[in-house]
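Participant: need a structure here:
(one chain, ligands or ions: 1)
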Amino acid sequence: MARVVILGAGIAGHTAALIAKKQLGKNHEVVVVSPNSNYQWVPSNIWVGVGLMTPDQVKFPLAPVYKKMGIVYKQAIAVSIHPDGDAQTTSGFVKVKHIAGDREENVTYDFLINATGPKLNFAATEGLGPDKFSNSVCTFDHAAHAWKNLQSSLAKMEKGEKQRFLIGTGHPLATCQGAAFEYILNIAFEIKKRKLEHLAELVWISNEYELGDFGMGGAYVKRGGYITPTKIFAESIFKENNIHWIIGAGVQKVTEGVAHYETLDGEFHTQEFDFSMLIPSFAGAGMKAFDKNNEDITPQIFAPNGLMKVDADYTPKPFEEWKASDWPSVYQCPSYENVYAAGIAFAPPHPMSKPMKSKNGTQINPTPPRTGMPSGVMGRIVAENIVEKIKTGTKDHKHKASMAKMGAACIVSAGYGLTKGQAAVMTVFPIVADWEKYPKWGRDISYTVGEVGLAGHWMKLFMHYLFIYKAKALPLWWMIPE
Ligand SMILES: Cc1cc2nc3c(=O)[nH]c(=O)nc-3n(C[C@H](O)[C@H](O)[C@H](O)COP(=O)(O)OP(=O)(O)OC[C@H]3O[C@@H](n4cnc5c(N)ncnc54)[C@H](O)[C@@H]3O)c2cc1C
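Facilitator: As a prediction, the model looks like this:
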């Protein structure tokens, strides 16, 4: 009997767990270690942040699903990886700390999937975060807290008071611009719905060099028969919604009602706000790694930001020399062939957006986004390759999913409602631009498309229900793609 241990029950880990168990059956064990007792469909947190969904609509308890599937679930946090075992055991194991009772346990594995997602690194920016001076929509409880604060701004506007909303990135190297973009458009929509536009000032702040960069160096998209850069796509959406923008901005500190930031020209500025939602920088979960003699081998397994090194080309090279082939395709740890990382947990080889420095030497640019769809696909292919290894003894990886070879669809909600809702739908193929293969546009322009409209809102809402259905492992769940 083989044991597959999966760290994290988010989009990547939960997908991997369901697929591994379905394909391995009763003869092998699948164990999930995750600290949160709930699964949450993170993309719908945007709607929690504007009061259109409750936290209960975007989450459900994991334990009953895992019981039904025959997956062992440990509500615990992984602290360290011991891939060679230790003096007592020759098998690789993970040291975990249980949430109940603070008990420690060594969980041995034959195969390990690290799918611990991002650590929301609020501490990297002074004053940032929901327990300090800004809001977040990164988790359902953060989003519920943001909605509470947003309501108080809306109530002030109902009484005739002007309010300034500052939305964007809260660190010079933050990613996930798409989520912030969605949130500002949803706030704009809610303000319009209440006929309060005359009292609102909406400001976007981000580390992007150009609007519409989205951490992927921007894109050219087909829109209404024309080829449009995402810069124009994003600018036109912001203009329509009366949103001003500050770009090339690295937020360095937040104090009560004020964001302090540096711009690429080396100037330092402040921006006052009444309500803010600023995305923090992401880091790895902060696990350590030790060899058999208990020597710290963390730098061998993890990049300095705590994300796990996989089959990417990490050789430092200038922007001009970046290649699609730098990106990993099987997510296997180079030092240990039975260890993998899927979703946000893997360390990208480099950003996708051009690295930029301010005159003071501060690096200000988005780090690469890893959205839900690729995270789910990575979870799937890593599980499928492990299943084949277990069943056939092969060392090969039949299933591959490089971000430079896979497409992604991103639906940016821009307002909620069955007849008045809106969303900007963007598909890119591939996610990482490949200028060698597609010298004109960097991507395959037939599949790189952007449109705005009501149909997009329906799709986003449909996906909410569909993916929650799938995550609950309800009948025929496995037929639903990532
Ligand atoms: C507000 C918001 C909106 C978004 N909207 C979209 C969208 O519309 N479309 C889209 O494609 N993507 C969207 N994304 C991105 C998407 O949510 C992520 O790509 C996706 O969640 C990443 O999946 P993951 O499994 O890598 O990480 P996560 O989903 O974050 O899961 C990580 C898991 O690991 C667990 N964990 C953490 N530390 C440990 C530890 N030490 N030990 C064990 N377990 C641990 C966590 O509890 C969690 O269960 C959005 C993100 C945000 C924040």
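
Participant: Show me where the stretch 301-450 of the chain has its helices.
Facilitator: Ranges of helices within the stretch 301-450 of the chain are 372-392, based on DSSP state H, counting those that start in this stretch.

Participant: Residues of it that sit close to the ligand?
Facilitator: For the stretch 301-450 of the chain, the residues found near the ligand under the criterion Cβ under 6 Å from any ligand atom are 343-345, 370-373, 375, 410. C-betas here are computed from N, CA, C, even on glycine.

Participant: quick one: contacts for the residue in the stretch 251-400 of the chain positioned nearest to the ligand?
Facilitator: Residue nearest to the ligand within the stretch 251-400 of the chain: residue 343 (2.3 Å; Cβ to the nearest ligand atom). By Cβ atoms under 8 Å, 6 or more residues apart in numbering, the residues touching residue 343 are 8, 10-13, 115, 117, 370, 375, 378-379.

Participant: could you redo the last one with a cut-off of 7 Å?
Facilitator: When contacts are counted by Cβ atoms under 7 Å, 6 or more residues apart in numbering, residue 343 is found next to 10-12, 115, 117, 370, 375, 378-379.

Participant: Give the burial count for the closest residue to residue 405 other than its chain neighbours, as a bare number.
Facilitator: Nearest residue to residue 405, sequence neighbours excluded (Cβ to Cβ, 6 or more residues apart in numbering): residue 430, at 5.5 Å. Here the number of neighbours of residue 430 (other Cβ atoms under 10 Å) works out to 23.

Participant: Model confidence for residue 430, exactly?
Facilitator: Looking at residue 430, its pLDDT stands at 94.

Participant: what does residue 194 give?
Facilitator: The confidence metric pLDDT takes the value 97 at residue 194.

Participant: returning to what we had before: next, give phi and psi for the residue nearest to residue 405.
Facilitator: The phi/psi pair for residue 430 (degrees, to the nearest 10) reads phi -80, psi 180.

Participant: cool, and residue 467?
Facilitator: phi -70, psi -30.

Participant: and the gap between the residue lying closest to it once chain neighbours are set aside and the ligand?
Facilitator: Leaving aside its sequence neighbours, residue 467 sits nearest to residue 41 (Cβ to Cβ, 6+ apart; 5.8 Å). Relative to the ligand, residue 41 is positioned 8 Å away (criterion: Cβ to the nearest ligand atom, to the nearest Å).

Participant: got the contact list for residue 59?
Facilitator: Contacts of residue 59 (Cβ under 7 Å, 6+ apart): 38-40, 140.

Participant: beta partners of it?
Facilitator: According to DSSP bridges, the residues that bridge with residue 59 are residue 40.

Participant: okay, it: pLDDT?
Facilitator: Looking at residue 59, its pLDDT reads 97.

Participant: Can you give me the buried ones in stretch 422-440?
Facilitator: Judged by neighbour count (16 or more other Cβ atoms under 10 Å), stretch 422-440 contains these buried residues: 422-434, 438.

Participant: whoops, stretch 126-143 was the one
Facilitator: 127-130, 133-140, 142-143.

Participant: Mind checking if it is in reach of the ligand?
Facilitator: Yes: contact between stretch 126-143 and the ligand, assessed by Cβ under 6 Å from any ligand atom, occurs at 137-138.

Participant: what number of residues lie near residue 381?
Facilitator: Residues lying near residue 381 (other Cβ under 10 Å) number 25.

Participant: any residue of the helix or strand where residue 16 lies up close to the ligand?
Facilitator: In the assignment (DSSP states H and E), residue 16 maps to helix 11-24. Yes: using Cβ under 6 Å from any ligand atom, a contact is recorded between helix 11-24 and the ligand, made by 11-13.
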